[in-house]
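S.K.: let me see the structure of the following:
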Amino acid sequence: MRIISAGKLATILGALPGCPRVVAGGNFATPWRTLEVLDAALAEYRLFMLNAQPGVPDRDGVLLESPFVGPGMRGRAGLRYYPCRLSLVPVMLSSTLPPDVVLIQTSRPADGTVSLGTEVNVLPAAIEAAHARGGLVITQLNRSVPYTYGDAVLSADDIDYAIETDAPLPSPAPRPPGEVCTAIGGRVASLVHDGVTLQLGIGAVPDAVLAALTGRRGLMVWSEMFSDGVLELAKAGALDPDCVITASFAFGSAELYDWMDRNRDVRMLRTETTNDPARIARKPRMVSVNSALQVDLFAQSNATRVNGVTYSGFGGQTDFVVGALHSPGGLAIIALPSWHPKADVSTVVPRLTGPVTSFQHSYIVSEQGTAAIWGHDASDQAEHIITEVAHPSVRDELREAGRELGFRL
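M.R.: Got it, this is the predicted structure:
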């Protein structure tokens, strides 16, 4: 690893031929300063990110690519969305979408190593793919990045160039759970017993579930991501002291980042490990809790598209639903409000008109109630969704639509 100035880095990047593909860390670990240098140095390039946050370059010459669309790319005209399970994105990077440049943000060097900190995700695979084709790996060294263990640890020799920065890691805006999400969190928590292994997705509903679990004991965490809710479980003594928290990325408060730094109870692994359905299935009593934009009477969920536009993507939901269902004593739970307040529509529809993100769940939960899905015939599933999940104002029309679809209702 050679530490250079931003000006020298601009010269190196400006010499790249053609329209290179650049993979940059996403979520709340984006190397913004390095990305700024690259954007100024190149007239055109492809930018591949997961869950990109606001601030992504928005101009002609920048072609955006993502298998999981964040607010920084959502709705952009030039976006190319690649449908893909999160566990398979590393395969995509090593085959059909190989990177020429990888931009990461890491801790300061220590004993010849640096750490990816809060964002491991697909970055190790991207680094390997770039090395395989003679590409560049560039880090933004930041003293605010916590030093975490597992696959987060990289040899300094794996990095070509580095620039130095000193900027706090950003945190998502606080989201008070609200009455509906709190009610959903309580219902989901009633399905979660002591000693289970938890995975929770992104959003206000999973956060509310964690807040309702502080009274449990012996909980374990194997998840693609975590946030402050897991820190609160640790504070409350709800976690199994003999098991490390395993995830692929994290974001939250400054307190969370400080807690992660040099914490041997936290292990950050690459996505193809955390999201491998076979590994997930081997976890005892795996409970997967994810949210959705819609569910239908076929017990299918949509967490990908809204009004014909890609909202996010498959993410890890499909990986964990499949893994949890094969775990002994495991549960796959979809939790969502019964009504979408902004669109003023029901989140339960007769049949999804867009792509299905996941299906064949154990339970679907809303603030209205809990619908048991697994082990019931299709008509019973539909009836449970109507009576327990849907908003009362749409139950009659859902039942009528369900009969037209062939359900015995």
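
S.K.: was I right about Cys19 contacting Leu63?
M.R.: Yes. Between Cys19 and Leu63 there is a contact at 7.4 Å, judged by C-beta atoms under 8 Å. (C-beta placed from N, C-alpha, C; glycine too.)

S.K.: what is in contact with these two at once?
M.R.: When contacts are counted by C-beta atoms under 8 Å, 6 or more residues apart in numbering, the set common to Cys19 and Leu63 consists of 44-46.

S.K.: Ala371: which of the residues you listed is nearest?
M.R.: For the shared contacts of Cys19 and Leu63, the closest approach to Ala371 (C-beta to C-beta) belongs to Arg46, at 42.5 Å.

S.K.: picking up where we left off before, inside strands: which ones of the shared contacts of Cys19 and Leu63?
M.R.: 45-46 (DSSP state E).

S.K.: show me where the protein has its helices.
M.R.: Defined through DSSP state H, the helices belonging to the chain, from first to last, are 6-14, 32-41, 89-94, 123-132, 178-189, 204-211, 228-235, 254-260, 271-274, 277-281, 317-326, 378-384, 395-404.

S.K.: as TSV, these with distance to Ser301 would be great.
M.R.: Converted to TSV, the helices of the chain look like this (distance: least, C-beta to C-beta, whole Å):
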stretch	distance to Ser301
helix 6-14	41
helix 32-41	33
helix 89-94	20
helix 123-132	27
helix 178-189	15
helix 204-211	13
helix 228-235	21
helix 254-260	28
helix 271-274	21
helix 277-281	17
helix 317-326	8
helix 378-384	13
helix 395-404	16
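
S.K.: mean pLDDT lowest where, among the ones you listed?
M.R.: Taking each of those in turn, the lowest mean pLDDT turns up on helix 204-211, with a mean of 89.

S.K.: please write out the alpha-carbon positions of that helix in CSV.
M.R.: Coordinates of each C-alpha in helix 204-211 appear next as CSV, following Å, rounded to 0.1, in the frame of the first residue of the first chain:
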residue,chain,number,x,y,z
ALA,A,204,-38.2,0.6,11.2
VAL,A,205,-40.1,-2.7,11.7
PRO,A,206,-37.0,-4.8,12.3
ASP,A,207,-35.7,-2.1,14.6
ALA,A,208,-39.0,-2.3,16.6
VAL,A,209,-38.7,-6.0,16.8
LEU,A,210,-35.2,-5.8,18.4
ALA,A,211,-36.5,-3.2,20.9
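
S.K.: could you shift the numbering so residue one becomes 560, and keep it that way?
M.R.: That works, and once the first residue is 560, the last one we named lands at helix 763-770.

S.K.: burial measure for the residue nearest to Gly573 when sequence neighbours are not counted, as a count.
M.R.: Residue nearest to Gly573 in three dimensions, not counting chain neighbours: Ala600, with 4.1 Å by C-beta to C-beta, 6 or more residues apart in numbering. Other residues near Ala600 come to 17 when the count uses other C-beta atoms under 10 Å.

S.K.: tell me who's in contact with Ala600.
M.R.: For Ala600, the contact set (C-beta under 8 Å, 6+ apart) comprises 568-570, 572-573.

S.K.: and it, how far from Pro616?
M.R.: Remark: distance between Ala600 and Pro616 (C-beta to C-beta, to the nearest Å) = 12 Å.

S.K.: what's the answer for Glu595, then?
M.R.: Noted for Glu595: a distance of 8 Å to Pro616, by C-beta to C-beta.

S.K.: then Asp710?
M.R.: When distances are taken as C-beta to C-beta, Asp710 and Pro616 turn out to be 28 Å apart.

S.K.: who has more neighbours, the two?
M.R.: More neighbours surround Asp710 than the other of Asp710 and Pro616, with 22 against 16 (other C-beta under 10 Å).

S.K.: report how many residues lie close to Val953.
M.R.: What Val953 shows, counting by other C-beta under 10 Å, is a neighbour count of 19.

S.K.: pretty sure it sits against Val907.
M.R.: Yes. Contact criterion C-beta under 8 Å: Val953 and Val907 qualify, at 6.9 Å.

S.K.: hmm, Pro626 is touching Gly875, no?
M.R.: No. Between Pro626 and Gly875 no contact is recorded; they are 11.0 Å apart, counting by C-beta under 8 Å.

S.K.: overlap in contacts, these two.
M.R.: Leu645.

S.K.: with adjacent residues omitted, what lies nearest to His885?
M.R.: If you skip the residues right next to it in sequence, His885 has Ala840 as its closest partner in space, 3.7 Å away by C-beta to C-beta, 6+ apart.

S.K.: swap in Gly629?
M.R.: Nearest to Gly629 is Asn610, by C-beta to C-beta, 6+ apart, at 3.7 Å.

S.K.: who's in contact with that neighbour?
M.R.: If you count contacts by C-beta under 8 Å, 6+ apart, then Asn610 has 585-586, 627-629, 761, 871 around it.

S.K.: ok, 10 Å please
M.R.: Each residue near Asn610 by C-beta atoms under 10 Å, 6 or more residues apart in numbering is listed here: 585-587, 589, 625-632, 678, 680, 761, 784, 808, 810, 871-872, 874.

S.K.: show me the residues you listed that map onto strands.
M.R.: Within the contacts of Asn610, membership in strands is found for 625, 784, 808, as judged by DSSP E.

S.K.: now do the closest residue to the second one other than its chain neighbours, the pLDDT please.
M.R.: Computed as C-beta to C-beta, 6+ apart, the closest residue to Met784 that is not its neighbour in sequence is Phe808, at 4.9 Å. Predicted confidence (pLDDT) for Phe808: 98.
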